[in-house]
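Enquirer: Structure, please.
(chains A and B)
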Amino acid sequence: MRPYGGVRGATGRRENIRLYLTVPEPSPTHETAALIALLRRGDRAWHHYAEIVEARGSALAVLEEGAPDELDAPTLFPKAEGEDVDLEAIIAEIDRWRTDGISVLSVLDERYPQNLRSIHDRPPLLFVRGALADADERSVAVVGTRRATDAGIDHAREVAGGLVDAGYTVISGLATGIDTAAHLGALDRGGRTLAVIGTGLRRAYPAANAPLQQRIAGEAAVVSQFWPDAPPSKRTFPMRNVVMSGLARATVIIEASHTSGARMQARFALEHGRPVFLLASLLEHDWAREHAERPGTYVVEDAGEIVDHVERLLAADTLTV
Amino acid sequence: MSPAPTVAELSAPYTNFLINPLAPSSHGVCSVCLTFTDGHATCYPCGHRPRFADGVLPISYSEAFGQLHTALAQYKRRTGPSAHALQLQLAAVLWRFLVDHEDCLARCAQVERFQLVTTVPSGDHARDAAHPLPRIVGELVGHTADRYRRLLVRSGTPVGERAVDPGKFSPTQELASEAVLLVDDTWTTGASAQSAAGALKTSGAGKVAVLVIGRHVNPKWGDNAERLRALARGFDWDRCAVHAADAAR
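Expert: Below you'll find the predicted structure:
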């Protein structure tokens, strides 16, 4: 092995980084490995690395040079003194994931989902089991409570089916209740559905949904922003809601109490500049009546209305006052 | 085919994260570009480099790694439906703001109105032709489309990225003292916008005022994070920094 780059220190900051590579020309996989090395430093929020690396166009360059001034914290001392980065070991890890049917997309990858690129808290890496399609850019997230009523389940299936009929991919979170109904509603209508999960891809939570997870991976894709072996936790589920909002052009809340993660997703979507649709039946809840007043929120009865709004808002060619 | 969306509707979700800038006369605010200072009347770049613009008005602060920062980066990195949606939303934000506040900026620059509107050319020469900002200001935003001209191109002259130098840009035509509204997406140090304002004046423009969507603020510097947090959430479309200055007087 030979050190790659190494003592370049263009900014005088990272003169002690040694990157070990066995090839003369770094490949896209080397870029992914360099991004993984940056994330494992644990010195910055992950989404900061997403922007820094995409703005610079190279994770290898960020490893060597650090972040540009306008995104960096002022510092008097070189960071990561004497850091050794063994990219080949990380590449071996990526290969083991691949053998297991898991591919990893980074923000430097052209196949990284376009909708997801434009949210501020996007994950720098996205793990995928199955295959994402260009058509998935035309997508709506359909989410709701785990403790769904029969009426809620029916609504979720109808809305998902209606979206599929209009050529949309249905995105949901593979939880019990509304999420499961949304996935099944899309599959039953022969449409595409993506599952965004709150654990690593080698896990299934809840265990009862393992077969559905497998089915969705076979027909479309299951995605996760977490390392493949990551367990579920209180923090991972709301983080997964952020990604669901980001992957979709809009979010529909079918049924949710004020403590539901779906309610959180309604807030995330607005903070992402994306429209939020509340099913009219939600208005029995105080939180929903309050949320309905927020700019960018629509109260709707069915999938047809959602499709009309999304087409008008996001695919127009002209604007008017 | 559904009817064209209104700018109010399309810009509505942005109300949730745009941040009204403080008045230029506030203590600890740069009187030129409205960034936070440690008590000085101007920030370092505005105080120490040539200033050609007769007025600068940011629509919002843009916190590093925040949603506006991300939108302003991604709308021009790629093409496709997702980038198109962002471009539409940013056009709506610009249009909605200009309808109410172009006059404020004109007042600030001491002109009746802006006869011409143009954009700061991209820093990246290769990307300039495909840059979406001219299309946004020159086509999508009905309020500026009729007055839009591509008045500047990037010159070949090598100039430091942070240097203010009108030689960065070449004028495409001679002007006859027209007042020009110069639009850019982001103001970081102001080097591009000030250089472009200087280039316009070299070509014969009268007053030149700059409108930017986001005034970049790095929360890692000084007490910026705290000061951003202290600002009111929920963007007020009726307010701009000129209004804030009038109110402060």
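Enquirer: which residues does residue 190 contact?
Expert: With no chain named, the answer covers chain A. Neighbour list for residue A:190: residue A:164 [criterion: CB atoms under 8 Å, 6 or more residues apart in numbering or on different chains]. Yep, even glycine has a C-beta here, placed from its N, CA and C like the rest.
Enquirer: meant chain B, my bad for not saying
Expert: B:32, B:33, B:45, B:46, B:49, B:53, B:56, B:164.
Enquirer: Tell me if I'm right that the last one and residue B:53 touch.
Expert: No. With contact taken as CB atoms under 8 Å, residue B:164 and residue B:53 are classed as non-touching, separated by 10.3 Å.
Enquirer: Give me the common contacts of these two.
Expert: Common neighbours of residue B:164 and residue B:53, counting by CB under 8 Å, 6+ apart, are B:190, B:194.
Enquirer: Closest one to residue B:8 out of the contacts of residue B:190, please.
Expert: residue B:56 (25.6 Å; CB to CB).
Enquirer: Helix or strand: which one has the closest residue to that closest one other than its chain neighbours?
Expert: On the basis of CB to CB, 6 or more residues apart in numbering or on different chains, the spatially nearest residue to residue B:56 that is not a chain neighbour turns out to be residue B:210, at 4.7 Å. Using DSSP states H and E, residue B:210 sits in strand B:208-217.
Enquirer: strand partners of that strand, parallel vs antiparallel please.
Expert: strand B:55-63 (parallel), strand B:180-187 (parallel) (DSSP bridges).
Enquirer: The ones you listed into a markdown table, with extra columns for distance to residue A:212?
Expert: A markdown table is the format used below for the strands paired with strand B:208-217 (distance: least, CB to CB, whole Å):
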| stretch | distance to residue A:212 |
| --- | --- |
| strand B:55-63 | 39 |
| strand B:180-187 | 43 |
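Enquirer: okay if I get the ones you listed as CSV plus mean neighbour count?
Expert: Output for the strands paired with strand B:208-217, formatted as CSV (neighbours: other CB atoms under 10 Å in any protein chain shown):
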stretch, mean neighbour count
strand B:55-63, 25
strand B:180-187, 25
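Enquirer: Which pLDDT value goes with the one residue in chain B that gets nearest to chain A?
Expert: In chain B, the residue found nearest to chain A is residue B:13; the distance is 3.3 Å by CB to the nearest CB. Residue B:13 carries a pLDDT value of 94.
Enquirer: So it is in contact with residue A:270, correct?
Expert: Yes. Here residue B:13 lies in contact with residue A:270, judged by CB under 8 Å, at a distance of 5.5 Å.
Enquirer: residues shared between the contacts of these two?
Expert: In contact with both residue B:13 and residue A:270: A:295, A:296, using CB under 8 Å, 6+ apart.
Enquirer: give me phi/psi at the residue nearest to residue B:41 when sequence neighbours are not counted?
Expert: Spatial nearest neighbour of residue B:41, excluding adjacent residues (CB to CB, 6+ apart): residue B:31 at 5.3 Å. Backbone torsions of residue B:31, given as degrees, to the nearest 10, read phi -70, psi -10.
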